[in-house]
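Q: Sequence and predicted model, in that order:
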Amino acid sequence: MTPPPSIKIAPSILAADFADFGAECRAVELQGADWIHVDVMDGHFVPNITFGPATCAAIRRHIRGIMDVHLMIAPVDPYIAAFAEAGADIITAHIEAGPHIHRTLQAIRATGKKAGLALNPGTGLDGVEHLLDLTDLICVMTVNPGFGGQSFIDLSAKVRALRAMIGDRPIHIEIDGGITSETAPLMTRAGADVLVAGSAVFKGGSARSPEAYGQNIRAIRTAAEAAIGRAA
Ligand code: DX5
Ligand code: ZN
């Protein structure tokens, strides 16, 4: 029997202090974060703007582990090299961002980085099967992308179907949006192994007073692992 996967918690710096990203990244990593999730928004694919590759490169110097870059931009292909050079370990593009997602995933892999495929809540799994061999991670959005702090949409059935489709391929299922210690168990039970959380990680703390970050990360991890029978 395959053991349950180890759960990774990826704080989204969308909920961090934008004037102090370096200290925020160091703080959440010291408090137990597995990956740092970096949300790039262009004001076109989503109705909000964050930052681009230069900020990612600046943040990179403060991250010891995995930098997980979620591109909510269209087009994607002209910017892949810049995000790869900025030091992303995983570059995730949306299936909805253009007609040639297959080419986009090939282009990400060609930089030597891991390729992620993100799906909006309204997008089904049609077509995903043909992309699995080019994909290292599938990000199931459980909010409509663009903003932190939105309410979780329960897509357990979609996550379960995706886990079955993936089979024994080494592909992460990442959940992004509205993750808390209440919603995380639904997603790990359905087959997710990477949980992005912005508001639920950064609430109540600061880079100078980061103990709350640690408590928040532990609460999500404990609930998520208990749901799949792993000891906390
Ligand atoms: C939404 C972003 C998410 C967001 C999650 O477009 O992709 O990463 O920051 O934030 P919370 O955890 O607050 O829903
Ligand atoms: Zn995200």
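A: Here it is on my side, so go on. Just so you know, these numbers come straight off a predicted model, no measurement behind them. Ligands and ions are numbered 1, 2, ... in the order given.

Q: Low-confidence bits of the chain, can you list those?
A: Counting by pLDDT under 70, the chain shows low-confidence ranges at 1-4, 231-232.

Q: Pull the contacting residues for the residue in the chain that ligand 2 sits nearest to.
A: The chain approaches ligand 2 most closely through residue 70 (3.7 Å), counting by CB to the ion. All C-beta spots, glycine's among them, are computed from the backbone N, C-alpha and C. Contact analysis of residue 70 by CB atoms under 8 Å, 6 or more residues apart in numbering lists 37, 38, 39, 40, 92, 116, 118, 139, 176, 196.

Q: isn't the fourth one right up against residue 51?
A: In other words, residue 40. Yes. Residue 40 is within contact range of residue 51, at 6.8 Å (criterion: CB atoms under 8 Å).

Q: between the two, who's got more neighbours?
A: Neighbour count, other CB atoms under 10 Å: between residue 40 and residue 51, residue 40 has more, with 26 against 16.

Q: residues touching that one, list them.
A: Counting by CB under 8 Å, 6+ apart, residue 40 touches 50, 51, 52, 56, 69, 70, 71, 72, 73, 83.

Q: let's see 6 Å
A: 50, 71 (CB atoms under 6 Å, 6 or more residues apart in numbering).

Q: That one sits in which helix or strand?
A: Assigned by DSSP states H and E, residue 40 falls within strand 35-41.

Q: With residue 225 instead?
A: helix 211-226.

Q: now the closest residue in space to residue 88 that isn't next to it in sequence, which residues is it bridged with?
A: Nearest residue to residue 88 in three dimensions, chain neighbours excluded: residue 69, at 4.0 Å (CB to CB, 6 or more residues apart in numbering). Beta-bridge partners of residue 69, counted by DSSP bridges, are residue 38, residue 91.

Q: Good, we can wrap up now.
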